[in-house]
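> Take a look and give me a structure for this.
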Amino acid sequence: MNWQPDTSSHIPLFKQIIQYIENGIVTGHMFPGERLPSERELASKWGINRSTVNLAYAELRATGLIKSVQGSGTKVSEDLWGITPRRSPNWKDYVNGGLFLPNQPVAQRVKELLRDESYINLASSELAEELIPVAWMDQLLKQISLKHAVQYGEPGGDRGLRETIADHMQAEHKVEVQPEQILITSGIQQAFNLIIQCLLSPGDAIALERPSFMYSRTIFTASGLRLYPIPVDDYGIRPEEIRKLHSHHKLRMIFVNPTYQHPTGTTLPADRRRKLLEIAEELRIPIIEDDPYSLLTLGGSPAAPPSLLAMHNGGDFVIYLGTLSKIAAPGLRIGWMVAPKSVVERLTAAKEQMDFSTSALSQQLAKAYLSSPEWKGRLQIITRQLTRRRDIMLDALTKYMPRGSKWIIPEGGYYLWVKLPFKVSDSRLVEECIRHRVLLYPGTVYGAISNQIRLVYSRASEEELGEGIRRLSLALQSSL
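Numbers count the residues shown, from 1 in each chain. Model (predicted):
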């Protein structure tokens, strides 16, 4: 802590200390579990009365940002779900009036190296280049006229693509929707942004799976939303927990990724899906169903249960989010939202203010892709390759990981979730992995407790996967 309180400021010293530590925590410069100096140490360092530091620490403990344990000292809370500093519920002040907060330092450290091919990449949530049907997509592009593809498109999306998506939802998810219920977005991320900015307000409480990739999206916390976790076990969330959360926090929305969940790879069984829908309808809480992976069922696995939207018969409690990023190519930046017409109209107006429209050329390519009778065959090739990669990683985990390690075997998607038999510092593990030239994200990036890691088998080559796990095992040994 090189910072020093300003004794000449009109702001009381204890409030300066609170603001400094709050800012360090919410921007990620002080990470969960980090030990803080004692009150005595800080009072001595800053040359101020110890009671001033005591008062600041007491305020921070009351907000849940820090905790003190007798004999262990004071540290940043390892569980920041649902916590928003009282003086800055929107957090915009921390980034000079902007909306997006910086990435967590641990995550940013990995991101800086993702395009360096000298590292084995077990971190990127994308298909390996050799799995993307580039040659076939190039042929599709040659069939597209540029006459309209270089102009601004309709804010809600090209009518032809929305009709194609409606056919796709009927064929793949057994849901009948009208084109007017579909909004084309620049990937699922934009759909989240639109929902947060248009349908929620700062201070609203939302429920997320824990762990969840959405926890790592700073747009949620930057918008002043209060995040509350629904615990995830080997079968996804436990829906009954929603009643408890709602009774305490009055939830406004539930965000779930029920099929081949990111980051754990779990799939919510049909009985839990029915229970989730029953509770949400009873409490009148909308569900946002994030569904990027459900068509990526791996070989030897049962078919995924129907989507929440399908089980709800297209009812108005579920907003469904789909994308081509995971089943075709991430660079297309084509996603879609299925929602009640009134919601689509509201978000379409906001999207027009945001970016006029999604790339017309990408929309034409997406329409050609999904309209082609060949696309299902291309998808089968991808799932076969993903199955092989998953199995290679599973074999390597069995061979190299420390005794007592556990992992969930995914039936689809991209991810393997590993629980270690011991605790390890996230920052130390990441640095040791970098030293051994392998990249991954620790579980705390996704709101999990420490000693859990997310591994991705979709990005690295088959030859790299086993070697990557071997290097991970060496990094773990070095981290202890």
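> in the stretch 201-350 of the chain, which spans are helices?
Under the criterion DSSP state H, counting those that start in this stretch, the stretch 201-350 of the chain carries helices at the ranges 218-222, 241-249, 270-283, 308-311, 341-355.
> For Asn23, find the nearest of those.
Set against Asn23 and scored by CB to CB, the helices of the stretch 201-350 of the chain come closest in helix 218-222, at 13.4 Å. (C-beta placed from N, C-alpha, C; glycine too.)
> wait, doesn't Ile237 sit right on Leu245?
No. At 11.0 Å, Ile237 does not count as touching Leu245 under the criterion of CB atoms under 8 Å.
> Show me the domain layout of this structure.
Residue ranges for each domain of the chain read 13-95, 113-131+377-479, 145-372, as given by automatic domain parsing.
> what would the ones you listed look like in a markdown table with mean neighbour count, distance to Asp6 and mean pLDDT?
Conversion of these to a markdown table gives the following (neighbours: other CB atoms under 10 Å; distance: least, CB to CB, whole Å; pLDDT from 0 to 100):
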| stretch | mean neighbour count | distance to Asp6 | mean pLDDT |
| --- | --- | --- | --- |
| domain 13-95 | 16 | 7 | 80 |
| domain 113-131+377-479 | 19 | 30 | 96 |
| domain 145-372 | 19 | 27 | 93 |
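> would you list the ones you listed in a markdown table and tack on distance to Gln4?
Converted to a markdown table, these look like this (distance: least, CB to CB, whole Å):
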| stretch | distance to Gln4 |
| --- | --- |
| domain 13-95 | 6 |
| domain 113-131+377-479 | 25 |
| domain 145-372 | 28 |
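> I'd like to know which of those is closest to Pro105.
For the domains of the chain, distance to Pro105 was read as CB to CB. The smallest value, 5.2 Å, belongs to domain 13-95.
> tell me how far the closest one is from the chain's mean position?
Its chain's C-alpha centre and that of domain 13-95 lie 26 Å apart, by CA atoms, centre = their mean, to the nearest Å.
> quick one on the thing from earlier: looking at the helices of the stretch 201-350 of the chain, which is nearest to Glu180?
Closest approach to Glu180 among those is made by helix 341-355 (5.3 Å; CB to CB).
> list the helices and strands that closest one packs on?
For helix 341-355, the helices and strands in contact under the criterion 3 or more CB pairs under 8 Å, 6 or more residues apart in numbering; DSSP states H and E are strand 182-185, helix 187-199.
> packing partners for the very next helix or strand once past that helix?
The C-terminal neighbour of helix 341-355 among helices and strands, as given by DSSP states H and E, is helix 360-371. Under the contact definition 3+ CB pairs under 8 Å, 6+ apart, helix 360-371 sits against helix 134-142, helix 146-149, helix 159-173.
> Show me what the longest one packs onto, helices and strands only.
Counting contacts by 3+ CB pairs under 8 Å, 6+ apart, the secondary-structure elements packed against helix 159-173 are strand 182-185, strand 335-338, helix 360-371.
> can you give me how far the last one is from the chain middle?
In this case it means helix 360-371. On the basis of CA atoms, centre = their mean, helix 360-371 sits 26 Å off its chain's mean C-alpha point.
> Can you list the residue ranges for strands in the stretch 301-450 of the chain?
Taking DSSP state E, counting those that start in this stretch as the test, the strands found in the stretch 301-450 of the chain are 318-323, 335-338, 406-408, 415-419, 438-439, 441-442.
> Can you check which of the ones you listed gets nearest to Gln385?
Nearest to Gln385, of the strands of the stretch 301-450 of the chain and by CB to CB, is strand 415-419 at 15.6 Å.
> Now for Gln16: which residues touch it?
The neighbours of Gln16, taking CB atoms under 8 Å, 6 or more residues apart in numbering as the test, are 5-6, 9.
> residues contacting the closest residue to Ser118 other than its chain neighbours?
For Ser118, ignoring the flanking residues on the chain, the nearest one in space by CB to CB, 6 or more residues apart in numbering is Arg437 at 6.3 Å. For Arg437, the contacting residues are 118-120, 471, by CB under 8 Å, 6+ apart.
> Are we agreed that Lys67 is in a strand?
Yes. With the criterion set as DSSP: H, G, I helix; E, B strand; the rest coil, the secondary structure at Lys67 is a strand.
> Just the buried ones from the contacts of Gln16?
Of the members of the contacts of Gln16, the ones counted as buried by neighbours, 16 or more other CB atoms under 10 Å, are Pro5.
> Show only the entries of the contacts of Gln16 found in strands.
Among these, the subset assigned to strands under DSSP state E is empty.
> quick check, nearest of the contacts of Gln16 to Ser294?
Closest approach to Ser294 among the contacts of Gln16 (CB to CB): Pro5, at 52.7 Å.
> Okay, and the nearest residue to that closest one once chain neighbours are set aside sits in which element?
Take Pro5 and drop its neighbours on the chain: the residue closest to it by CB to CB, 6+ apart is Gln16, 4.6 Å away. Counting by DSSP H and E, the secondary-structure element that holds Gln16 is helix 13-26.
> Give me the next element, helix or strand, following that helix.
Scanning forward in sequence from helix 13-26, with DSSP H and E defining helices and strands, the next element found is strand 35-36.
> Could you save the helices and strands packed on helix 341-355 as CSV and add columns showing distance to Val26?
What follows is these, written out as CSV (distance: least, CB to CB, whole Å):
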stretch, distance to Val26
strand 182-185, 28
helix 187-199, 17
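> mind checking which of the ones you listed is nearest Gly404?
Counting by CB to CB, and looking across all of these, nearest comes helix 187-199 at 35.8 Å.
> That concludes my questions; thank you for your assistance.
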